[in-house]
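In: Predicted model and sequence below, questions to follow.
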Amino acid sequence: MSWFRRQKTRISPEDRRDLPPDVFRKCDECGEILYRERLERNLGVCPECGNHFRIPAARYVDLLADPDSFEELDGGMTSGDPLEFRDLKGYRDRLEAARSRTGRSEAVMTGRARIEGLPVVLAVMDFAFIGGSMGSVVGEKIARAGREALKRSSALIVVSASGGARMMEGIFSLMQMAKTSAVLARLHENAVPYISVLTDPTTGGVTASYAMLGDVNLAEPGALIGFAGPRVIGETIKQELPPGFQSAEFLEEHGMVDRVVDRRELRDAIALFLRHTGTGWRPWG
């Protein structure tokens, strides 16, 4: 009766297949183990629960801009070290490490683009670059993007993802709040639309300046949006804070965000607004 018995054979080390470590990714919200390629095809959105993973700045450009329409501006602009700042590491060393890790020169990429044929100026922040912090170069690039939008009479779109002002640049970083806000005021005076897209997280001095100054403020589902942390706010106002008060959905309910938009629908939502404003039709040249 040996044919009823399962013949056990050991798997030799030569027969084992080692999977690359990045084939799967676990969703932080629902715990589902996701095939990374499927997740990327779904634009970084969990197909099980809709959790929005963070994605690089270049991915947002691919998502929003028409194919081959993005023309980067000021791509080689890099930060200096005006304060010669050092904590556990020197600031210059942190910058170099961030450039090597992300392949970007700074925490924001800007450029001209088209969305469904409509010319826009696009700026996208990358949280992977020192937490998307706003230093002198980030502020200058966004200000230049605003001036380019004004020059072209094309809508400005900024996708924010940031921990706030870059402490390694001190007061130079804080000055970018005023600089960027002043340029946005000029856009408003000249009826040039500005669309702000808030992703997870958008906090600190970025929230306190250009991120919340859009003619339309859009946010991705579940995005953390705020200025200071809950503990600091609670100690300041001496009140118990409601649960989830810094979520995109809470801010939409209380009028701080115009609409929470699934990333897979973001391009269509922006294009719809551009068409309704009747702007962006002026040809470049």
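Out: Sure, I can see it.

In: Report the distance from the least confident helix or strand in the chain by mean pLDDT to the chain centre.
Out: Least confident helix or strand, the chain: helix 230-237 with a mean of 89, by mean pLDDT, DSSP states H and E. Put simply, helix 230-237 sits 26 Å off its chain's centre (CA atoms, centre = their mean, to the nearest Å).

In: following it, which helix or strand shows up next?
Out: Downstream of helix 230-237, the first helix or strand assigned by DSSP states H and E is helix 248-253.

In: In that next one, which residues are buried?
Out: Neighbour-count burial for helix 248-253 flags 248, 250, 251, 252 (criterion: 16 or more other CB atoms under 10 Å). (C-beta placed from N, C-alpha, C; glycine too.)

In: what pairs with whichever helix or strand comes after it, and is each one parallel or antiparallel?
Out: Going down the chain from helix 248-253, the next helix or strand is strand 259-260, by DSSP H and E. Here strand 259-260 has these sheet partners by DSSP bridges: strand 216-219 (parallel).

In: hmm, who's touching the partner strand?
Out: 193, 195-199, 211, 225, 248, 251-252, 256-261, 266, 269-270, 273 (CB atoms under 8 Å, 6 or more residues apart in numbering).

In: Report all helices and strands that the least confident helix or strand of the chain contacts.
Out: Helix 230-237 sits against no helix or strand, with contacts defined as 3 or more CB pairs under 8 Å, 6 or more residues apart in numbering; DSSP states H and E.

In: what about stretch 213-222, distance to the chain center?
Out: For stretch 213-222, the distance to the chain centre is 12 Å (CA atoms, centre = their mean).

In: Pull out the C-alpha coordinates of the least confident helix or strand of the chain and format them as CSV.
Out: This file holds the C-alpha atoms of helix 230-237, laid out as CSV (Å, rounded to 0.1, in the frame of the first residue of the first chain):
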residue,chain,number,x,y,z
PRO,A,230,-2.0,67.8,18.9
ARG,A,231,-0.1,68.0,22.2
VAL,A,232,1.2,71.5,21.6
ILE,A,233,-2.3,72.7,20.5
GLY,A,234,-4.0,71.1,23.5
GLU,A,235,-1.6,72.7,25.9
THR,A,236,-2.0,76.1,24.3
ILE,A,237,-5.7,76.3,24.1
